[in-house]
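A.B. asks: Output the structure for:
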Amino acid sequence: MGSMAERDASDARRIYPSMTALRMLEAVSRLGSLHKASEAMFVTPSAVSHQLRNLEQMLGVKLISRAGRKVELTSAGNRYVQDIRKALEIVERANAPLGGSEPFGPLRINCASGLGSYWLAYHITEFLDLFPNIDLEITNETDRSDILNDQTDFSIIYGDGAWPGKHVQHLFTPRAFPVCSPAFLERHGRIRTPEDLVKLPLLHHRNQSDWVVWLSAASKKSFELSKGIMFSDVTQNINAAIAGAGIAIGDDILGRHALSEGKLVRLFDADIRGPHAYYIVTQKERMERRVCQLAIDWLSRWFQEYTLQTQS
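C.D. replies: As a prediction, this is how the structure comes out:
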């Protein structure tokens, strides 16, 4: 082992990035602009730009690229943010009890029924383990006039992202594919080709569009589909598939636990990008609430990490 003097000299040569610079880089990644990051951290845009330039010089790597007012992270910047975000979360959790600033108070989230039933119900305890003093309420309002009322902090909505005047943040876009129960397969036998599906009971959520798009992508053909069973709610659609009533178009999040538990099986490798995506939508002033921002950050990190895992 080296002497204490040698170890001290080695430690002195280590250069650690500024915590402020790391927080600013994370904010730029999350918010998508220097201006928004500066507002979130109560500094000027030039201060953010200066910190990021110093960070790039220290690391010897270009982290962001600028095109006019638009700012994007480079591939190296994206990889770096994924690691430092975890480190910042650890520091925040460690600091909270010491500073007596443990976040608390009510938080009301309105969540689309399918995501609430098949994802949020399984994972919400992970958030409450981090922030046990937050009083959480989860609703499932479907009327567009009610999902952003004065009592709701934010909503998780499946749609096209068009919410003028609101803070809108993309959460994830699902990948869809056919699923059915093992019991259904036992009754109907092996399904070898996409063409075999049109002869079997199909389950539909609201309309036949998902099936039409998937069959076209998987077989490069068009088919006349029988009506099958039409469901207005996606949870009814997935539960009917689990019960063996037919074959549904599931996706990588809503069907995740049923697939891992063997309640559903995936029929083909081919999948399609969902026609819409899940978005976090909230009144802009709600973003000032610490508990609201903590929940949105947690959701964003979870789906970012999930997306990276599924793409690797």
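A.B. asks: Could you pull out the helices in the stretch 101-250 of the chain for me?
C.D. replies: Ranges of helices in the stretch 101-250 of the chain, per DSSP state H, counting those that start in this stretch, are 113-115, 121-130, 182-188, 194-197, 209-219, 234-242.
A.B. asks: among the ones you listed, which is nearest residue 27?
C.D. replies: helix 121-130 (19.4 Å; CB to CB). Just so you know, the C-beta spots here come from the backbone N, C-alpha and C atoms, and that holds for glycine as well.
A.B. asks: To residue 291, which of the helices of the stretch 101-250 of the chain lies closest?
C.D. replies: The closest of the helices of the stretch 101-250 of the chain to residue 291 is helix 121-130. By CB to CB, the value is 10.4 Å.
A.B. asks: Using TSV, lay out the helices of the stretch 101-250 of the chain together with distance to residue 248.
C.D. replies: TSV is the format used below for these (distance: least, CB to CB, whole Å):
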stretch	distance to residue 248
helix 113-115	11
helix 121-130	19
helix 182-188	10
helix 194-197	11
helix 209-219	9
helix 234-242	4
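A.B. asks: so can I have a markdown table of those showing mean neighbour count?
C.D. replies: Shown next, in a markdown table, are the helices of the stretch 101-250 of the chain (neighbours: other CB atoms under 10 Å):
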| stretch | mean neighbour count |
| --- | --- |
| helix 113-115 | 20 |
| helix 121-130 | 13 |
| helix 182-188 | 13 |
| helix 194-197 | 17 |
| helix 209-219 | 18 |
| helix 234-242 | 21 |
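A.B. asks: Of all those helices, which one comes closest to residue 260?
C.D. replies: Closest approach to residue 260 among those (CB to CB): helix 121-130, 10.4 Å.
A.B. asks: on that earlier part again, dump the helices of the stretch 101-250 of the chain into CSV; add mean pLDDT as well.
C.D. replies: Shown next, in CSV, are the helices of the stretch 101-250 of the chain (pLDDT from 0 to 100):
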stretch, mean pLDDT
helix 113-115, 94
helix 121-130, 93
helix 182-188, 96
helix 194-197, 93
helix 209-219, 92
helix 234-242, 96
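A.B. asks: right, and the ones you listed - which one's nearest residue 90?
C.D. replies: helix 121-130 (11.0 Å).
A.B. asks: got any ranges where this structure has weak pLDDT?
C.D. replies: Regions of the chain meeting the criterion pLDDT under 70 cover residues 1-15, 68-69, 92-101, 143-148, 150, 312.
A.B. asks: Now do the strands in it.
C.D. replies: In the chain, the strands defined using DSSP state E lie at 64-67, 70-73, 105-111, 134-139, 154-159, 167-172, 175-180, 203-205, 229-231, 248-251, 265-266, 272-273, 277-282.
A.B. asks: Looking at the helices of the stretch 101-250 of the chain, which is nearest to residue 24?
C.D. replies: Proximity to residue 24 (CB to CB) singles out helix 121-130 among the helices of the stretch 101-250 of the chain, at 22.8 Å.
A.B. asks: how many degrees apart are the closest one and strand 134-139 in direction?
C.D. replies: Calculated by axes from the mean of the first three to the mean of the last three CA atoms, to 10 degrees, helix 121-130 forms an angle of 160 degrees with strand 134-139.
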